[in-house]
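*Asks:* Build me a model:
(chains A, B and C)
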Amino acid sequence: MSHSRWIIFFGLLSLAWVPHAPAATALSPSSEGCLECHGSVHPGIVADWQRSRHAAITTGAAMAVSGLGLKVSGRQVPEPMRDTNVGCAECHTLRPEAHVDSFEHNGYKVHKVVSPEDCAVCHSVEREQYAANIMSAAHGNLAGNALYADMTRTILGTGEIKEQGRIHFAEPDAPTRADGCYYCHGTRLELEGTELRETDMGQLTFPIIKGWPNQGVGRINPDGSRGACTSCHPRHQFSIEVARKPYTCKECHAGPDVPAYKVYEASKHGNIFSSVGGRWNFDHVPWTVGEDFGAPTCAACHMSLVVNADGVVVARRTHQVSDRLPRRIFGLIYAHAQPKSPDTTIIRNKAGLPLPTDLDGTPAAEFLIDGKEAAARLSAMQATCRACHGTSWVRGHFERLDGVVAATNAQVRAATQLMQAIWKKGYAQGSGNGGSLFDEAIERRWNDAWLMYANCIRFSSAMAGGGDYGVFQEGRYHLNKSVMEMADWLKTREAGKN
Amino acid sequence: MSHSRWIIFFGLLSLAWVPHAPAATALSPSSEGCLECHGSVHPGIVADWQRSRHAAITTGAAMAVSGLGLKVSGRQVPEPMRDTNVGCAECHTLRPEAHVDSFEHNGYKVHKVVSPEDCAVCHSVEREQYAANIMSAAHGNLAGNALYADMTRTILGTGEIKEQGRIHFAEPDAPTRADGCYYCHGTRLELEGTELRETDMGQLTFPIIKGWPNQGVGRINPDGSRGACTSCHPRHQFSIEVARKPYTCKECHAGPDVPAYKVYEASKHGNIFSSVGGRWNFDHVPWTVGEDFGAPTCAACHMSLVVNADGVVVARRTHQVSDRLPRRIFGLIYAHAQPKSPDTTIIRNKAGLPLPTDLDGTPAAEFLIDGKEAAARLSAMQATCRACHGTSWVRGHFERLDGVVAATNAQVRAATQLMQAIWKKGYAQGSGNGGSLFDEAIERRWNDAWLMYANCIRFSSAMAGGGDYGVFQEGRYHLNKSVMEMADWLKTREAGKN
Amino acid sequence: MSHSRWIIFFGLLSLAWVPHAPAATALSPSSEGCLECHGSVHPGIVADWQRSRHAAITTGAAMAVSGLGLKVSGRQVPEPMRDTNVGCAECHTLRPEAHVDSFEHNGYKVHKVVSPEDCAVCHSVEREQYAANIMSAAHGNLAGNALYADMTRTILGTGEIKEQGRIHFAEPDAPTRADGCYYCHGTRLELEGTELRETDMGQLTFPIIKGWPNQGVGRINPDGSRGACTSCHPRHQFSIEVARKPYTCKECHAGPDVPAYKVYEASKHGNIFSSVGGRWNFDHVPWTVGEDFGAPTCAACHMSLVVNADGVVVARRTHQVSDRLPRRIFGLIYAHAQPKSPDTTIIRNKAGLPLPTDLDGTPAAEFLIDGKEAAARLSAMQATCRACHGTSWVRGHFERLDGVVAATNAQVRAATQLMQAIWKKGYAQGSGNGGSLFDEAIERRWNDAWLMYANCIRFSSAMAGGGDYGVFQEGRYHLNKSVMEMADWLKTREAGKN
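*Replies:* Residues are numbered from 1 along each chain as shown, chains lettered A, B, ... in the order given. Below you'll find the predicted structure:
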């Protein structure tokens, strides 16, 4: 691949490139104290941190970076921290008063759960953006929406067969909740008490935290904050590189309900990343299209600060992912405009249900962004596309997506009408009599149509991810099959009158 | 991994290896003109091209390469082009008379859609081979086959529920077609008109092309040619490396209908590629087995020019993928010998249907290659296997595949007989009365059996991809389940007489 | 990523790093003889072997390695072999008296199928551990268990439709068996005879071996031994690197029945491996956590010799994978304690069936490890976790897994009760009248519940693999759906009395 040549030069002077020589560090005495024990107790964590930028540069030096390369957006960094690297103590002893889980540990008030509020001391802009990100509200949006809570119960709960073949799904237990939906949505961490434990260093006291461990995007932390920066910047390297690679997004966006990663992987973009991305630079800030990377990853389109070769900004960094997204194409019965507020529990459709559309697809418009805002977001997204694609390419792509969204909404509407007919005829119970929309076989078939297949088709279109995810791999073949099966089921019921 | 040592040497002379120093380039004035604007307007494209061989060597120098390393098979390259690199203008202004989408652009006749006929100026042999490749006919083979067109309609079209639970599937709209089957099969690009657009460089006129963007393998181009070299050699690096990596094939060969990539990934070959392929050389031409790569990718078995360490040819390069394939194992009801012509719309079975077999599996032999030709193709394939495997290994593998093809065909025949019984009894409509073979739930269950599961089993066998894709992951477990469900459905209908 | 600087130094002395300079080798005359022909006949194999440690160091030198880096655990290596590398002849002519497939080949008694007993000459400890590994018994455990054999028949066999919609599944043929279940479980290799073949080197005689090729983990070799070291250390590099990468495990652990690889890939561990694992060292022995690798692969948790930065052992090497596993979470109706013996055909539950639990989930305790042993194995596993995670993290994780195992067992029990009700009412036949538990559509739906979905949920929990595999991707959404469908099916039968 590499075009290379040998240059011959003369002289007494030679240059040798020495990789991985560490930058000067200035560890705080507190962090040095931590490392004395934890270096041998948890060698993996410590080695990982040693590779981090946190370990390689003092906060003050990081703050002095000028221009777009600046990573420390916070200007309120306490004076003493500016002269040291970000070591263990810098994060794990920050703001002890705010952390109800802080505990006395060898002379320090330490907390296990570092929260976005701690990170915000240095990264305030990112934290603020993230608070406006619907992902930060992922716990409450699920737990606080009666309809979703009911759906969660029918998915996670153990079912007991009752008379006449009806199934009663119990409320799921804590392990199942934490390992199921709330693995990604984030658990609620609560201090339950403390315990005395024998350790290699003698008897020590530790807090007991319910819901731990978890690193879901909407985790409710003991200090009341929401989210976990480590969802995408895994401890303790907290690297930009990892967050920019699609494997991070895949942790929560790979299933048929939201198959973004799988579609990406099968797209032209994903092909190029997989084939030659090993030679790209995932660390440079800002991120120069063409120079640093040759095809977008998830981050490039949705989050990163991207510039062109002249250093001109193509896209501004955002931690509010919907900044470049006009529409929500998954998770609900119909695709619809992005909600205005990250808290979606406030949404009500015409029927009073906490849904962004009616069952016929009509949007609950007052809770959703308007066309002007949608256009602005689309334009922000398209700026990135244009770094590599001409105007007609970009326009063609998004017009096609509009068509696919309309077509999938139409097919889901047909499935929903069929479901409504089934409810009306009494072949399934629906929400009547305290029933659920999600606990009978035929209802689940309807769920499949919109929660799996229509989503998958839209992702395939939105991300130019190609044929298979739009057709045979949980795409249109299956969407239409689910409608055929619903019709077939109804026909059987009609014939049997059972 | 690397065994290395330090060599000490003395003297005043040092050698430094300078990576990525570009080879001498000679850009045409036309291409220099393009770069003036497009370097800043589309930095991603330009940077990608700058990494290409097109940017690194003049056409004349590339033509002067001797032996198996020669990449420019065309001998009719126009004189002026021989002294320059292949820049923007060399491709985008070629053969303006042939491109109905050519437009006046800053003094040049430019066309957006570079076609295989343009590439053929330098790569004539590859283009010729590709024209004989069934993939080049992928658009027409789907659109021009009445049975497939009907199937496409039931997969892509929106279904409306009619009386008695019957569903009417409408003809799919253009966005759905382009994003569904034709994403891989290729759209038909048609000039619709022109438009005046405001750009950073002032008001300019551009063509409007229906079906754009698309890079499917059978795309119908505005110049009438079929295919898109960029399906596998993505713009604007057009690299051999990317085409040789399996991620390229995955763009269209990953779904359950044709799971080649997934099976490969789970095979021993795929394991070795994933584990240590990062150290292989994907650029060398010819490609030396053992030296350049340690296990085959898709390209090695199906397309590439492979030599052994002595430079002896193991397999000749081909862009007609069926050159090494005796059989088609997917996409149709039964596995069967390769069709003779890339245009499969001409095929008729005994019943007059455009299918390569009858419903009972009997091949439409006059349209398919004979045993002698099949043996020659198998032998070409096996030559590659033998570079790493002994004769008994290779024979054992292919005898097993023969057995698996027979067994899957037998199981599909049982499923088809069941389907025919259902049609005969009138429980499903089939093709009678203008009906479809694909639009009822029970028919789709039959489709699953051959279009998904039997395929998947055969790929798993053909590519030694192992247990899961042949058994639990869309394999035999599911094939047999689909037959059980068809029998169960029939039993219910018989009992209910509905 | 790499922090680097330029060091300027003066003098006449320069150092140049020359990669891939081979270590001194001492090939035996026999192996030199092999290479004379096979170097050109099978260049891929030879080149692969040339990259191996076998080709780079003499056995004697390898035996002289002291401390944890020692790879040759056998002390009975024959004297002559100590002075040479491990070449072709060293393995393929070992113990000719034991190999019934040995054949006369240019003056040597050669056998094609190198068995674990051959490898044991140098790697005796690993071979001994592997013999205690349930994987080594994978062939017999499947073939020798009447219930599994029946299940295999309904999965692999071709079904013929009989009267009243019943399906008769025939015994699967040899190709289907070898390419289906036994691809991973291992075939039985049997000498069938010999043949005379024309080769480039003239007429030669070769053995014909039934069941060849195969590299399944429980392969029955012609010398009577069980297993194939090449399952995980692929020929002819036999590298530790490949075995330590998760792609090796994926060959057999990727389907919905045992989705370990897929879950890993979507976990935080898998993300980190995919994102930055390209810079790790997969060759070092022992394997230093933090230094050599930053997140575990399958091998790190289940098999490898792991040390901390001070060289203290975190986990001992084992080739008996269950050494660190208290429980079996897949493949059977309920999760249960590990069996005591690798031969599971000896197990009988209360009803006399060869199953580790009753149909109600009660364990066949006398055949399974007790709580004390389970605790010891859990503790061995957790030692690896603790290299990067605190005590409360590790405890929280495994308590959650306990809960998930209990919940999935409970849901499977509900499904099984429903199945039993269906059998009792005569709507399905079950094992009565020589029937099968696996050959009717409703039975397969029950199989789905425990063989696919409950497994997948447990893997997702055990490996912290997150939401999707525990919920929407073959997880709880589908487990509960299968129960709903079983109830729905029963309701239809009850109504129709058919």
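
*Asks:* Now tell me which helix or strand of chain A has the poorest mean pLDDT.
*Replies:* Least confident helix or strand of chain A, by mean pLDDT, DSSP states H and E, is strand A:5-10 with a mean of 32.

*Asks:* Quick check: phi and psi at the closest residue to chain C within the stretch 51-200 of chain A.
*Replies:* In the stretch 51-200 of chain A, the residue that lies nearest chain C is residue A:175 (2.7 Å; CB to the nearest CB). Where C-beta positions appear, they are placed from N, C-alpha and C, glycine not excepted. Reported as degrees, to the nearest 10, the phi and psi values for residue A:175 are phi -60, psi -40.

*Asks:* Quick one: residues contacting it.
*Replies:* Residue A:175 is in contact with C:399-404, C:407, C:461, counting by CB atoms under 8 Å, 6 or more residues apart in numbering or on different chains.

*Asks:* ok, and of these, which contact chain A?
*Replies:* Within the set of these, contact with chain A (CB under 8 Å from any CB of the partner chain) is found for C:399-404, C:407, C:461.

*Asks:* Checking the residue nearest to the residue of the stretch 51-200 of chain A closest to chain C when sequence neighbours are not counted next. Helix, strand or coil?
*Replies:* Distance criterion CB to CB, 6 or more residues apart in numbering or on different chains; nearest residue to residue A:175, sequence neighbours excluded, is residue C:403 at 2.7 Å. When classified by DSSP: H, G, I helix; E, B strand; the rest coil, residue C:403 comes out as helix.

*Asks:* Just confirm yes or no for stretch A:470-479 near chain C.
*Replies:* No - in terms of CB under 8 Å from any CB, no part of stretch A:470-479 sits within range of chain C; the closest distance is 10.0 Å.

*Asks:* Give me the residues contacting that stretch.
*Replies:* Stretch A:470-479 is touched from outside by A:256, A:259, A:262, A:404, A:408, A:411, A:448-449, A:452-454, A:456-457, A:460-461, A:468-469, B:155-156, B:176, B:179-181, B:183, B:254-257, B:451-452, with contacts defined as CB under 8 Å, 6+ apart.

*Asks:* quick one: contacts for the closest residue to chain B within the stretch 201-350 of chain A?
*Replies:* Nearest to chain B, among the residues of the stretch 201-350 of chain A, is residue A:290, at 2.7 Å (CB to the nearest CB). When contacts are counted by CB under 8 Å, 6+ apart, residue A:290 touches A:308-309, A:387-388, B:43-48.

*Asks:* Spatially nearest residue to it (excluding sequence neighbours)?
*Replies:* With sequence-adjacent residues excluded and distances taken as CB to CB, 6+ apart, residue A:290 is closest to residue B:47, at 2.7 Å.

*Asks:* What mean pLDDT does stretch A:461-477 get?
*Replies:* Throughout stretch A:461-477, pLDDT has a mean value of 92.

*Asks:* wait, what's in contact with the closest residue in space to residue A:268 that isn't next to it in sequence?
*Replies:* If you skip the residues right next to it in sequence, residue A:268 has residue B:234 as its closest partner in space, 5.9 Å away by CB to CB, 6+ apart. The neighbourhood of residue B:234, defined by CB under 8 Å, 6+ apart, consists of A:268, A:271-272, B:215, B:242, B:248.

*Asks:* I'd like these laid out as a markdown table, including secondary structure, pLDDT and distance to residue C:361.
*Replies:* Putting the contacts of residue B:234 into a markdown table (DSSP: H, G, I helix; E, B strand; the rest coil; pLDDT from 0 to 100; distance: CB to CB, whole Å) gives the following:
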| residue | secondary structure | pLDDT | distance to residue C:361 |
| --- | --- | --- | --- |
| A:268 | helix | 97 | 49 |
| A:271 | helix | 97 | 46 |
| A:272 | helix | 98 | 50 |
| B:215 | coil | 96 | 54 |
| B:242 | helix | 98 | 52 |
| B:248 | helix | 98 | 48 |
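
*Asks:* Quick one, which of the ones next to chain A among the contacts of residue A:175 are buried?
*Replies:* Among the ones next to chain A among the contacts of residue A:175, those that count as buried by neighbour count (16 or more other CB atoms under 10 Å in any protein chain shown) are C:400-401, C:403-404, C:407, C:461.

*Asks:* So which of the contacts of stretch A:470-479 belong to helices?
*Replies:* A:262, A:404, A:408, A:411, A:456-457, A:460-461, A:468-469, B:155-156, B:176, B:179, B:181, B:183 (DSSP state H).

*Asks:* what residues does the stretch 301-450 of chain A put near chain C?
*Replies:* Of all the residues in the stretch 301-450 of chain A, those in contact range of chain C (CB under 8 Å from any CB) are A:439-442, A:444.

*Asks:* hmm, which two among those are most spread apart?
*Replies:* Pairwise distances among these were taken by CB to CB; the largest, 10.5 Å, belongs to A:439 and A:442.

*Asks:* Need the residues that contact stretch A:128-143.
*Replies:* A:116, A:120, A:148-149, A:152, A:181-182, A:184-188, A:216-220, A:226-227, A:229, A:318-323, A:339, A:342-345.

*Asks:* Okay, the residue of the stretch 51-200 of chain A closest to chain C and residue A:187: tell me how far apart.
*Replies:* Residue A:175 sits 11 Å away from residue A:187 when distances are taken as CB to CB, to the nearest Å.

*Asks:* re earlier: closest one of the ones next to chain A among the contacts of residue A:175 to chain A?
*Replies:* Distance ranking of the ones next to chain A among the contacts of residue A:175 against chain A, using CB to the nearest CB, places residue C:403 first at 2.7 Å.

*Asks:* Now do the contacts for that closest one.
*Replies:* Residue C:403 makes contacts with A:173-176, A:179, as judged by CB under 8 Å, 6+ apart.
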